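# Sequence and predicted structure, then a few things I'm wondering about:
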Amino acid sequence: MKISWIKQEKDNQNFAIAERLGMEVHRLSNPEEVDKTMEELIQNNCHTIVLSNEIAGFSEDIIKKYQNKKDIHILISPRKSKE
């Protein structure tokens, strides 16, 4: 099972552990490219994608394309609280 993570380029909080463990974390400089990035990952046999809450708001395809697909899993990470 291939899992990929997507977050904004300047986001240093979300998925920091995943990055340190060498997992595939994509940093987007333009958040509006999230749908394009998800499509590329799915074409490369990635069926589980974890999005930061901030980047998920820029996706139009999460609901339109992937809501009813059983073989694609899109997860939205909860927002990090600033303490």
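Looks like it came in fine. Since the structure is predicted, the reported quantities are computational estimates derived from the model, not experimental observations. Residues are numbered from 1 along each chain as shown.

# contacts and neighbour counts: CA atoms only from here.
OK.

# What backbone torsions are found at residue 43?
Main-chain dihedrals, residue 43, degrees, to the nearest 10: phi -70, psi -30.

# Check the gap between it and residue 36 for me.
Separation of residue 43 from residue 36 (Cα to Cα, to the nearest Å): 11 Å.

# what do you get for residue 8?
For residue 8, the distance to residue 36 - Cα to Cα - is 14 Å.

# Neighbour count: these two, which is higher?
Under the criterion of other Cα atoms under 10 Å, the comparison of residue 8 against residue 36 puts residue 8 first, with 18 against 11.

# For that one, which residues are in contact?
Applying Cα atoms under 8 Å, 6 or more residues apart in numbering to residue 8 gives the contacts 27-31, 52, 54-55.

# So which of those belong to strands?
Per DSSP state E, strands hold the following members of these: 27-28.

# Among the contacts of residue 8, which one is most surrounded by other residues?
residue 52 leads the contacts of residue 8 on contacts (other Cα under 10 Å) with 21 neighbours.
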